[in-house]
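Participant: Sequence below, structure please.
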Amino acid sequence: MEYHQEVLPLMFNISGDTSTDSRYLAKGTVLDDPLNASVTGNHSHSDPYKDFYVTARTVTGLYCFPVLCLFGIVGNFIALIVLNQKEMRTSTNAYFSALAVSDTVKLINDALYFVTILLYEKSPKDGQKLYGHLYPYSHYIFNMSVCVSSWLVVSVATERYFLICHPVLAKTLCTRRRAIIVSSCMFIAMSFMAIPSALRYKTVHLFRNDTQEVVDDVELTDLWRNTDLVGTYTWIQNLLRSVIPLVILLFMNTCILRATRAHLRSFQRQGMRFAQAQLRITAMLVSVIVVFLVCITPDAFMSTFFGFGYHESNNNLVKGVREITDMLLAVNAAVNVIIYMCFNPQFRTSFVQVFCIGRGVPGICRTRTTQNHNGNRRLVTKYNTVVENGNNNTHPSDYNGTPHQTQTLTLPLRSVGLRNTYTSVTQLTDADLLPLQSTSL
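Facilitator: Numbers count the residues shown, from 1 in each chain. Below is the predicted model of the structure:
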């Protein structure tokens, strides 16, 4: 069991930044016990934080990561399907689709962490072999996906800022085509930026005298033994991955909240439902930003301001904290679909229509006819579109500011007997309708 406890710290916890690492030995090095190469002296036997580290590693690696990865991967696939429905194809949702792809890549990489730990539990030798061959690539994927996600969240916040504070300029800048181009550029740029991470480690074979076996491991490449290069790149990477996005998001979040509060009366003049829709969209975006800030800030402080990496440290307290900060990054990648469900009624409606689970829900997936005070009959179809006197009424409107065609619904309010125009099918509820004249299921 000592094999598992001493080799596993070399595993996938890849957010650490190192310039040199004495644990990665040159190819062909003969070790009496390479499993203890990660610990100097008797530090591991006297460290009071060793139990904390082992517990954190076990809880996060064997319990938290598989749950987060399964939920997040399934949720992101669902989000991709819903966000690419015809009625959901807006510029903001293009960014969210790209974010779902990036988060899914991150979660698949984290799932391999769980597989490797589980393999260590069953067969330490096979687990070490998988680690030695997989880790150099996982390190690159981790850094690339986190950088992409960071800047996609920044892009969403920037777009919302223009939509609220500069609506005229937003009509030109905030288009779906432009959002797709920006998202693609993010993936390409951050993939190139993370290339040095792919060149950081190489697989080596170490010989053990005690068992006469060859053990697969990783070591720093010659490129990463250049301390000047490592120091410069590490700062650039940490700034682009976490520090600069954090600063921008804090600024944008403040501006969005202040602008929303300042424009609230203007929203209310356009109708209470319009104001509520704007507040919901703002709340959704702010929630995405806040979750991102909470989950990535500990990693940013550990990597940049305190200079605590994972591999170069023999401090089990640091390693245990690293397990927790990496788990928070997985949480950030997994929970966005929950935020969409909570704050975006159009997402919920599209979800129900796509997956056909809402046939019994009032106002969804059924056909019915209603009649206004002038005797005009309106057919509300199972897709919540409305036909007035046999003609579809459409006009350019979208709750998040991006023009597209949607159905116009004019119905009398039950409470005051006045007619009200709705510009989003998600705003139709039974409470607003007069008693139905006829219903067809």
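Participant: hey, let's count contacts and neighbours off CA atoms from now on
Facilitator: OK.
Participant: quick check: domain ranges of the chain?
Facilitator: The record, using automatic domain parsing to delimit domains, assigns the chain the ranges 2-351, 356-440.
Participant: Return the member of these having the minimum mean pLDDT.
Facilitator: Ranked by mean pLDDT, the domains of the chain bottom out at domain 356-440, with a mean of 41.
Participant: which secondary structure element contains the closest residue to V153 other than its chain neighbours?
Facilitator: Nearest residue to V153, sequence neighbours excluded (CA to CA, 6 or more residues apart in numbering): I289, at 6.9 Å. Using DSSP states H and E, I289 sits in helix 272-300.
Participant: Give the other helices and strands that that helix contacts.
Facilitator: helix 124-165, helix 244-262, helix 264-269, helix 316-334, helix 336-343 (3 or more CA pairs under 8 Å, 6 or more residues apart in numbering; DSSP states H and E).
Participant: of those helices, which approaches L107 most closely?
Facilitator: The closest of those to L107 is helix 316-334. By CA to CA, the value is 6.6 Å.
Participant: Quick check: which helices or strands does that closest one pack against?
Facilitator: Going by 3+ CA pairs under 8 Å, 6+ apart, helix 316-334 lies up against helix 50-59, helix 65-83, helix 91-122, helix 272-300.
Participant: Dump the C-alpha coordinates for that helix into CSV.
Facilitator: The C-alpha trace of helix 316-334 is given here as CSV (Å, rounded to 0.1, in the frame of the first residue of the first chain):
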residue,chain,number,x,y,z
ASN,A,316,1.5,17.7,2.3
LEU,A,317,-0.6,20.7,3.4
VAL,A,318,0.0,22.4,0.1
LYS,A,319,-0.8,19.2,-1.8
GLY,A,320,-4.0,18.6,0.1
VAL,A,321,-5.1,22.2,-0.6
ARG,A,322,-4.2,21.6,-4.3
GLU,A,323,-6.6,18.7,-4.4
ILE,A,324,-9.4,20.9,-3.2
THR,A,325,-8.6,23.8,-5.6
ASP,A,326,-8.5,21.4,-8.5
MET,A,327,-11.9,20.0,-7.5
LEU,A,328,-13.3,23.6,-7.4
LEU,A,329,-12.2,23.9,-11.1
ALA,A,330,-14.2,20.8,-11.9
VAL,A,331,-17.2,22.2,-10.0
ASN,A,332,-17.0,25.3,-12.2
ALA,A,333,-17.0,23.2,-15.3
ALA,A,334,-20.0,21.1,-14.2
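Participant: Also compute the angle for it relative to helix 124-165, please.
Facilitator: Here helix 316-334 points in a direction 50 degrees away from that of helix 124-165 (axes from the mean of the first three to the mean of the last three CA atoms, to 10 degrees).
Participant: Start the count at 31 instead of 1 going forward.
Facilitator: I'll keep to 31 as the first residue from here, and by that count the last item is helix 346-364.
Participant: nearest spatial neighbour of C195, skipping sequence neighbours?
Facilitator: Of all residues not flanking C195 in the chain, A289 sits nearest, at 6.3 Å (CA to CA, 6+ apart).
Participant: Is K232 in contact with T251, as I believe?
Facilitator: Yes. The criterion here is CA atoms under 8 Å, and K232 meets it with T251 at 6.1 Å.
Participant: and those two? which has more neighbours close in?
Facilitator: Taking other CA atoms under 10 Å, K232 and T251 do not tie; K232 has more neighbours (19 against 16).
Participant: partner strands of whichever helix or strand that one is part of, parallel or antiparallel?
Facilitator: Assigned by DSSP H and E, K232 belongs to strand 231-238. Using DSSP bridges, the strands paired with strand 231-238 are strand 60-61 (parallel), strand 243-250 (antiparallel).
Participant: Show the subsequent helix or strand relative to the last one.
Facilitator: Toward the C-terminus, strand 243-250 is succeeded by helix 257-268 as the next helix or strand (DSSP H and E).
Participant: Run the angle between that next one and helix 274-292 for me.
Facilitator: Regarding helix 257-268 and helix 274-292, their directions subtend 20 degrees when assessed with the same axes, to 10 degrees.
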